[in-house]
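Asks: Need coordinates for the following:
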Amino acid sequence: MLSLEMDVALVKSEWRFCDRITEYLSDILGQGHSDPARYSNFLSVAANELVELAFRWSGQSGLMSFSLHRNATTNRLTIELPYQDLSGGRHTSASLIELRPPLAGEAGDGKAFTADTTALLGDLATIFRSTIRIETDGVQSTKIVADFPLAEDFQ
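Replies: Model prediction:
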């Protein structure tokens, strides 16, 4: 659906770029829904949090990319940024951190990353009934990947 690549230094030069990127992404996410404004407005909250995380996590150089993909059941937002050690040194090789709504009978504490990040992403995953994961190859890039359901029955 969309692929957008920007220089990290440009994105970080002004905080307002977070809002503009989020608005652009959420408008596209809303396309094709019975109430596109409602869907995009609601998802803009989650998209904004993810774009802000990328804004804070990224270094000062390199490229940051944003992409949207749609399949029969989900909209996928992927934000890729130059690798930064986001784990405080706990993860030294390739890693995957996945947060999703808890399944029936399962504890809802997600997988360890950092307490604040895990709590924020876990809350977003629950509210939006989505799966959010952070992937890093430990060398070149870190990706934030969020799968949002196409269904409009948010909590």
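Asks: chain center to the longest helix anywhere in the chain, what's the gap?
Replies: Counting residues, the longest helix found in the chain (DSSP state H) is helix 36-57. Centroid separation for helix 36-57 versus its chain: 8 Å, with C-alpha atoms, centre = their mean, to the nearest Å.
Asks: what element comes up after it heading to the C-terminus?
Replies: Using DSSP states H and E, the helix or strand that directly follows helix 36-57 along the chain is strand 63-70.
Asks: Does anything pack onto that following strand? Which helices or strands?
Replies: With contacts taken as 3 or more C-beta pairs under 8 Å, 6 or more residues apart in numbering; DSSP states H and E, strand 63-70 sits against strand 2-7, helix 8-13, helix 16-30, strand 74-82. (C-beta placed from N, C-alpha, C; glycine too.)
Asks: Each with direction, which strands does it pair with?
Replies: strand 2-7 (antiparallel), strand 74-82 (antiparallel) (DSSP bridges).
Asks: Pick the most deeply packed of those.
Replies: Neighbour counts (mean count of other C-beta atoms under 10 Å) averaged over each of those peak at strand 74-82, with a mean of 21.
Asks: So the spatially most central residue of the chain versus residue 34, what's the distance?
Replies: Centroid check for the chain by C-alpha atoms, centre = their mean gives residue 50 as the closest residue, at 4.0 Å. Here residue 50 is placed at a distance of 25 Å from residue 34 (C-beta to C-beta, to the nearest Å).
Asks: same question, residue 40
Replies: Using C-beta to C-beta, residue 40 is found at 12 Å from residue 34.
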